[in-house]
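# Have a look at this prediction, sequence included:
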Amino acid sequence: MGPFSVVRPRYQYSPLSQDEIRLIRLFPGPVAAEKIEVEMIHAIKAPDLVYEALSYAWGDPEQTDSVQVKEKTDHLAKEINRMSLKEQKGISDSFSVLPIAHNLTIALRHLRTAEETRVIWVDAICINQENDAEKSREVLQMGAVFSNAKNVVVWLGPSSQDSTLALKTLARLGEGVVYDPANHDIEYNTKAWAETLESDKQALRAEFPSWVAIGSLLRREWFERLWVFQEIALASSAIVVVGEYYIDWELFRLGVYWIWMMINRINSLPGAPNIENPRTNCLEGFLEISNRNLTMENFLLSALHLTRMASCSDKRDRLFGIRDILRVEDRQHIKPDYSLRTEDVYKATTISLINSQMRLGSLQWCVLQSPPSDMKLPSWIPDFSFQGLPEVIFNNEADGLADSSHSIENGDILTVHGVKVTEVIQVLATEFTRQSTDMELIEICRAWKQHLPFSAAYVTGSPMEDAFIEAIMGGRIQETLPEKSGRSPTTQTCKHVLLASEEFEEPGKSHRSDGSDRELVMAELRSMLRGRAFFNTDGGHIGMCPDSAQCGDILVTLLGCSVPLILRPRPDCLHEFHVVGECHVPGIMNAEAFLGQLPLGWTKRKIRRHNGVFILYEQGNIKTQKDPRINALPSGWRIMFGTQEHPLEVEPEPEDENQLTRKWFQNVQTGDRTYFNPALTPERLRERGVDIRDFKLV
């Protein structure tokens, strides 16, 4: 029956008006007391409304308790905090009960004070969870709820034997760390303890109990929950609470970021605490979103990528739960409506995204599942709930940044344009699990190597060994990533670690590459192999593809899609194709399928700056953003620089690369403006002799 001896009526929600928000007043009480009393408040939304917002993990929905709800409604925001304790005690004992999850019960018992009331917004109570229409409306307001809160309280759960040690260590680390958003790296304050630990293995080893404690803390359920990403990213002020101990969110975040940067070094200690690599769970997304690092082709796909490992009980929340961390222009693609089926939500969002952006970035989220998904979706509509999606391949321009020029028939057939590059003739699957050792991963790579003619050059003329490294690393090497993209290994380092003839040596033993380099290579490789296989083609191209690929599939590059794709012809209709998934293939990641290789003497650099990623083509002393493979634009078009508000017709000399501005295109006859290259349309490419085909995706 629960903690109460008297059976009370269930609380009945009153409707919210458009200008109201529902809050609770949490009445005082000791942690040990079972009974929890709250008062439901309908408050007018106003700048001076003072409340806290709770961010927590719901836990097991089958484990429920109850709160007592005082039968009183307050419609004036200014009155919320004015009641004296005497007045509060004078309120009638008339109340009803509301079932809540056991996790929330524990949180409220710890968060109530001994003497003062506390005004809090709690999703499970302040939104009528049984009213889909209200849920849909209130989800639209979630961003405002957390950004307007005086304070966001991150509740990680009750204290444990070492939780306070974990928080104190993270606070001490955070005090000495400064995050550098331009380089996705960290810097240190003077005489920072964190810097000493990085350079002193003995000091790092001496803190072993702290790393065990932090590893345990980071495995708590809060870090796996989808909704917390936007809850904490939007907070103007926040604290992290475990039991009765708390620290400032900023110190916590910086401390955890330092742990992320040092994860492989800590895990290499004897008797390592085995803090999971962030790329194998949702911690990477938690850190990147809290740092506002949404840097892929568009914010929506970036946010989806970073939250892909997080959990939510409703598959529709995979989209609804990230809406408010997006830019305003991206939020239009997600319309919370709990009356719709999950399939309809995913389809509507995808079609809106493709039609408005004229890009096919959503195809990067499509993967042929085995066994098939229980949702009946066309293969070009992503199943955003699929957590087995391989690491998304990014920072590529396989299409040269072209308009997709697509069409959609009846919401089921997507017709796109592109080039059939070659056909898959061999797929080598990975015997890979999260428990696989570094040595087992290296043996997988060396086994793949035996299938290649390493004495011959790759199809591009580059050394086969270099192409092999780029392929198995998914392009996550310094030579192909934008400069200042954080810590990434070089091709040479990868060769030393993965292909050296001597036996792999465990950390701490001599090796031609130092321990930190080896840790970096293995972390990147481990994230890239998940869900992927190595493949060969009849044209000589090699790459990494979804492990569901098979011989007879075709490799294509599509206008509007920044990465190549594997497609599978339908047996009963060879002009229609299923999307198998994205892939990384050296030699076609930079629009070579449409424009060919760079002219002799030209090289390409990618540079990351605070305002985006820029591509510079260089020959001798020449530096330009203009692709030397495109000699002329179609009639009426010209390339522009600067902003569309302050355009520049002449490309600024990029001597100071910090002053680079994005190039764009203007039609002087029609006034049209676009970031898509007008030379990369199906018609113009056919004029160049490129075999552009139509592909019907079903």
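Right, received. Where do you want to start? In this text, all values refer to a predicted model and were calculated from it rather than measured experimentally.
# where do the strands sit along the stretch 501-650 of the chain?
Applying DSSP state E, counting those that start in this stretch to the stretch 501-650 of the chain gives strands spanning 532-537, 542-546, 554-558, 565-570, 573-582, 603-609, 612-619, 622-624, 637-642, 647-648.
# Which helix or strand lies directly C-terminal to the helix or strand of the chain with the lowest mean pLDDT?
When each helix and strand of the chain is scored by mean pLDDT, DSSP states H and E, helix 85-89 comes last, with a mean of 45. Downstream of helix 85-89, the first helix or strand assigned by DSSP states H and E is strand 95-101.
# If you count neighbours, what's buried in that next one?
Going by neighbour count (16 or more other CB atoms under 10 Å), the buried part of strand 95-101 is 95-98, 100-101. Every residue, glycine included, has its C-beta placed from N, CA and C.
# Taking the centroid of the protein, which residue is nearest it?
Nearest to the mean C-alpha position of the chain, by CA atoms, centre = their mean, lies Leu306 at 1.1 Å.
# ok, now how distant is it from Ala53?
22 Å (CB to CB, to the nearest Å).
# related to what we said a few turns ago, relative to Ala149, which of the strands of the stretch 501-650 of the chain is closest?
strand 612-619 (31.4 Å; CB to CB).
# For that closest one, what is the distance to the chain centroid?
25 Å (CA atoms, centre = their mean, to the nearest Å).
# Three-state assignment for Trp155, please.
Under DSSP: H, G, I helix; E, B strand; the rest coil, Trp155 falls in the strand class.
# And for it, the neighbour number?
Using other CB atoms under 10 Å, Trp155 has 23 other residues around it.
# do the same with the one 4 residues further on
Here the neighbour count serves as a burial measure; for Ser159 (other CB under 10 Å) it reads 15.
# so who does the residue nearest to Leu525 when sequence neighbours are not counted touch?
Distances taken as CB to CB, 6 or more residues apart in numbering put Leu441 closest to Leu525, at 5.9 Å, once the chain neighbours are dropped. Leu441 sits next to 432, 522, 525-526, 529 when contact means CB atoms under 8 Å, 6 or more residues apart in numbering.
# would you turn those into JSON lines with pLDDT?
Compiled in JSON lines, these are given as follows (pLDDT from 0 to 100):
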{"residue": "Phe432", "pLDDT": "78"}
{"residue": "Met522", "pLDDT": "91"}
{"residue": "Leu525", "pLDDT": "94"}
{"residue": "Arg526", "pLDDT": "90"}
{"residue": "Leu529", "pLDDT": "92"}
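# Could you give the bridge partners of Val241?
Beta bridges link Val241 to Trp155, Tyr246, judged by DSSP bridges.
# wait, isn't it in contact with Leu108?
No: assessed by CB atoms under 8 Å, Val241 is found out of contact with Leu108, at 11.9 Å.
# These two: which is more packed in?
Between Val241 and Leu108, counting by other CB under 10 Å, Leu108 is the more crowded of the two (25 against 22).
# show me what contacts the more buried one?
26, 36, 38, 67, 122.
# got the contact list for Asp412?
Shown in contact with Asp412 (CB under 8 Å, 6+ apart): 378, 698.
# what's the distance between it and Lys347?
Look at Asp412 and Lys347: by CB to CB, they are 9 Å apart.
# Common neighbours of those two, please.
Common neighbours of Asp412 and Lys347 (CB under 8 Å, 6+ apart) are Pro378.
# Quickly find the element holding the residue lying closest to the residue nearest to the centre of the chain once chain neighbours are set aside.
Nearest residue to Leu306, sequence neighbours excluded (CB to CB, 6+ apart): Gly285, at 3.3 Å. Element membership for Gly285 (DSSP H and E) is helix 283-290.
# how far does stretch 304-323 sit from the chain's center?
10 Å.
# For that stretch, buried residues please.
Neighbour counts over stretch 304-323 (16+ other CB under 10 Å) mark 304-312, 315-323 as buried.
# now do stretch 419-439
Across stretch 419-439, burial judged by 16+ other CB under 10 Å covers 419-422, 424, 427, 430, 432, 438.
# Ok, stretch 22-31 next?
22-27, 29.
# Kindly export that stretch (C-alpha atoms) in CSV.
Extracted C-alpha coordinates of stretch 22-31, given in CSV (Å, rounded to 0.1, in the frame of the first residue of the first chain):
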residue,chain,number,x,y,z
ARG,A,22,3.5,23.9,-12.8
LEU,A,23,5.9,23.8,-9.9
ILE,A,24,6.0,22.0,-6.5
ARG,A,25,6.7,23.5,-3.1
LEU,A,26,8.7,20.8,-1.2
PHE,A,27,8.0,21.0,2.5
PRO,A,28,10.8,20.5,5.1
GLY,A,29,11.6,17.2,6.7
PRO,A,30,14.5,15.0,7.7
VAL,A,31,16.1,12.6,5.2
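# Which parts of the stretch 1-150 of the chain are helices?
All helices of the stretch 1-150 of the chain, identified by DSSP state H, counting those that start in this stretch, fall at 85-89, 102-111, 123-126, 132-139, 142-148.
# Any idea which of these gets closest to Leu363?
Among these, helix 132-139 sits nearest to Leu363 (CB to CB), with 26.9 Å.
# first to last residue in stretch 237-248, what's the distance?
One end of stretch 237-248 sits 8 Å from the other (CA to CA, to the nearest Å).
# Now do the helix or strand harbouring Thr349: which elements does it pack against?
Using DSSP H and E, Thr349 falls within helix 342-357. Helix 342-357 sits against helix 317-320, strand 407-409, with contacts defined as 3 or more CB pairs under 8 Å, 6 or more residues apart in numbering; DSSP states H and E.
# how distant is the shortest one from the center of its chain?
The reference is to strand 407-409. On CA atoms, centre = their mean, the centre of strand 407-409 falls 29 Å from that of its chain.
# And the next helix or strand past that strand?
Sequence-wise, the next helix or strand downstream of strand 407-409 (DSSP H and E) is strand 413-429.
# Against which helices or strands is that following strand packed?
Secondary elements touching strand 413-429 (3+ CB pairs under 8 Å, 6+ apart): strand 407-409, strand 532-537, strand 554-558, helix 592-595, strand 693-697.
# Report the angle between the second one and strand 542-546.
I take that to be strand 532-537. Computed by axes from the mean of the first three to the mean of the last three CA atoms, to 10 degrees, the angle separating strand 532-537 from strand 542-546 equals 140 degrees.
# Can we start the residue count at 19 from this point?
All right, first residue 19 from here; so that's strand 550-555.
# Direction included, what does strand 550-555 pair up with?
Short version: by DSSP bridges, strand 550-555 pairs with strand 431-447 (antiparallel), strand 560-564 (antiparallel).
# how much space between Gln677 and Leu666?
With CB to CB as the criterion, Gln677 and Leu666 are 11 Å apart.
# what's the answer for Ile257, then?
For Ile257, the distance to Leu666 - CB to CB - is 47 Å.
# neighbour-wise, which of the two wins?
Shown here are Ile257 and Leu666; by other CB under 10 Å, Ile257 has more neighbours (18 against 12).
# so which helix or strand takes in that one?
Judged by DSSP H and E, Ile257 forms part of strand 256-260.
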